[in-house]
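1. here is my input; please provide its structure:
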Amino acid sequence: MLLGFDIGGTKCAVVLGTLDATGQLMVTTATTVATDRPAYEMIRYLFAVAEELLAKNQLSIDVVEGIGISCGGPLSSKKGLILSPPNLPGWDNIPIVQMTEERFNKKAFLQNDANACAVAEWKYGAGRGYNNLIFLTFGTGMGAGLILDGKLYSGISDLAGEVGHLRLSDTGPVGFGKSGSFEGYCSGGGIAQLGQMKAREKIQMCEPVSFCSGMADLANITAKSVAEAAMEGDPVAIDVYTICARQLGKGLALLIDILNPELIILGSIYGRSKSLLEPVMMEVIQKEAIRDSVDACKIVPAGLSENIGNMAALSLALMSKEK
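-> Below is the predicted model:
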């Protein structure tokens, strides 16, 4: 039995899973909770949820062979520390591996969520059979996990793949503490910011916006509400996703030129909004990236879909057995 914790900026999951007879990693049960408490209190709560989940399934901690912890970066997998992720305010230098191993008396392995998802997709999802791929989270934030020559590449300081910090323009929505960044344009929070900016412009000109009733409603705009409006033909919402798609194409073109991957896997938002993003994204990539590199690279949604976070945490639990 494997135990996984998937820690995100808006929600966390506690997952139990196992390998079946064919070697396929399987989620057996999972519980999702809101990330709504200070760091140490939240971690202790997740531990209690894990213990309840084991008890509910009539399992003891003794049957758990490894524990995986997937969390937004930056972090140090070597030191087992969470290091001030932008989507987890107040989570500064949290010794989560030490806390986990002391609580459960089991080996634990920490990796950033992009790396964990890259491993899960590589071994069990859309990346099976490939040795050079990039996984991009494209969810609450924008990070990348890199599988290069058949190995996870995390860099000297566990900071390889922090593509959300790349600046794509001098101004623009803020992500990863930087205006105009890849994460600013291509993340749930970034799309919401773009939606708020465009809605404010229209409302000030006394023009209607289907996904926003007025100035007081601006704070309620989300990537999901803008996507739903775009799917229904709202021109303002379509403009928001066109801007996002253009910047997504620019960011991917840079990665294609630098790393020459066989495959790019896009998570979360891309899988739900592919029809809004793909045409413009591909137009920009075709224009900006080296032709032979583009021709050698496929771009696909995550194969594990909405189950990817659970599978990522379990993939790390499996890796903890090898540490």
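
2. what residues go with each domain of this protein?
-> Residue ranges for the domains of the chain, per automatic domain parsing: 2-119+307-320, 129-302.

3. give the rounded mean pLDDT of the shortest one.
-> The predicted model assigns domain 2-119+307-320 a mean pLDDT of 93.

4. sorry, back to before: turn the domains of the chain into a markdown table, including mean neighbour count.
-> From N, CA and C alone the C-beta is placed, and that goes for glycine too. Formatted as a markdown table, the domains of the chain follow (neighbours: other CB atoms under 10 Å):
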| stretch | mean neighbour count |
| --- | --- |
| domain 2-119+307-320 | 20 |
| domain 129-302 | 19 |
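
5. report the contact partners of the most centrally placed residue in the chain.
-> Among the residues of the chain, the one closest to the centroid is T137, at 3.1 Å (CA atoms, centre = their mean). Listed by CB atoms under 8 Å, 6 or more residues apart in numbering, the contact partners of T137 are 113-114, 117, 143-144, 267-268.

6. please tell me how far it sits from L110.
-> As for T137, its distance to L110 is 16 Å (criterion: CB to CB, to the nearest Å).

7. greatest separation within the contacts of T137: which pair is it?
-> By the measure CB to CB, A144 and S268 form the most distant pair in the contacts of T137, at 13.2 Å.

8. need the helices for the stretch 201-323 of the chain, in chain order.
-> Shown for the stretch 201-323 of the chain, the helices assigned by DSSP state H, counting those that start in this stretch span residues 223-231, 235-259, 269-288, 291-295, 308-320.

9. of all these, which one is nearest V97?
-> Among the helices of the stretch 201-323 of the chain, helix 308-320 comes nearest to V97, with 9.5 Å by CB to CB.

10. for the closest one, the distance to its chain's centre please.
-> With CA atoms, centre = their mean, to the nearest Å as the basis, helix 308-320 stands 14 Å off its chain's centre.

11. for stretch 5-19, same thing?
-> On the basis of CA atoms, centre = their mean, stretch 5-19 sits 13 Å off its chain's mean C-alpha point.

12. wait, what's in contact with G72?
-> By CB under 8 Å, 6+ apart, the contact set of G72 is 7-9, 85-88, 112-113, 140-141, 143.

13. 10 Å - rerun?
-> Contacts for G72 (CB atoms under 10 Å, 6 or more residues apart in numbering) come out as 7-9, 82, 85-88, 91, 112-114, 137, 139-141, 143, 164.

14. same thing with I308?
-> Contacts of I308 (CB under 10 Å, 6+ apart): 6, 70, 113, 116-117, 120-121, 124-126, 135, 137, 139, 265, 267-268, 271, 302, 315.

15. which phi and psi values does the residue in the chain sticking out farthest from the centre adopt?
-> Most distant residue from the mean C-alpha position of the chain: C206, 36.8 Å away (CA atoms, centre = their mean). The phi and psi values for C206, taken as degrees, to the nearest 10, are phi 60, psi 30.

16. roughly how far does it sit from M215?
-> C206 is 12 Å from M215, where distance means CB to CB.

17. now swap in G233 and tell me
-> According to CB to CB, G233 and M215 sit 24 Å apart.

18. A39 too?
-> When distance is defined by CB to CB, A39 is 34 Å away from M215.

19. just N93 next, same as before
-> According to CB to CB, N93 and M215 sit 39 Å apart.

20. likewise V300?
-> Distance from V300 to M215, counting by CB to CB: 40 Å.

21. same check, this time on A118
-> On the measure of CB to CB, A118 and M215 end up 41 Å apart.

22. wait, G139 touches C117, no?
-> Yes. With contacts defined as CB atoms under 10 Å, G139 counts as touching C117 at a distance of 9.5 Å.

23. mutual contacts of the two, please.
-> Taking CB under 10 Å, 6+ apart as the criterion, G139 and C117 both touch 267-268, 308-309.

24. which one of those is nearest to N105?
-> G309 (25.4 Å).

25. where exactly do the strands run in the stretch 101-250 of the chain?
-> Counting by DSSP state E, counting those that start in this stretch, the stretch 101-250 of the chain has strands at residues 108-112, 133-136, 144-148, 151-153, 174-175, 178-179.

26. just put those in CSV and tack on distance to A55.
-> Output for the strands of the stretch 101-250 of the chain, formatted as CSV (distance: least, CB to CB, whole Å):
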stretch, distance to A55
strand 108-112, 20
strand 133-136, 34
strand 144-148, 33
strand 151-153, 34
strand 174-175, 40
strand 178-179, 45
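
27. quick one: which of those strands is nearest S275?
-> Across these, closest to S275 is strand 133-136 (CB to CB), at 18.1 Å.

28. which of the helices of the stretch 201-323 of the chain sits closest to K198?
-> Across the helices of the stretch 201-323 of the chain, closest to K198 is helix 235-259 (CB to CB), at 5.2 Å.

29. the closest one vs helix 223-231, what angle?
-> Angle between the axes of helix 235-259 and helix 223-231 is 110 degrees (criterion: axes from the mean of the first three to the mean of the last three CA atoms, to 10 degrees).

30. that'll do, ta.
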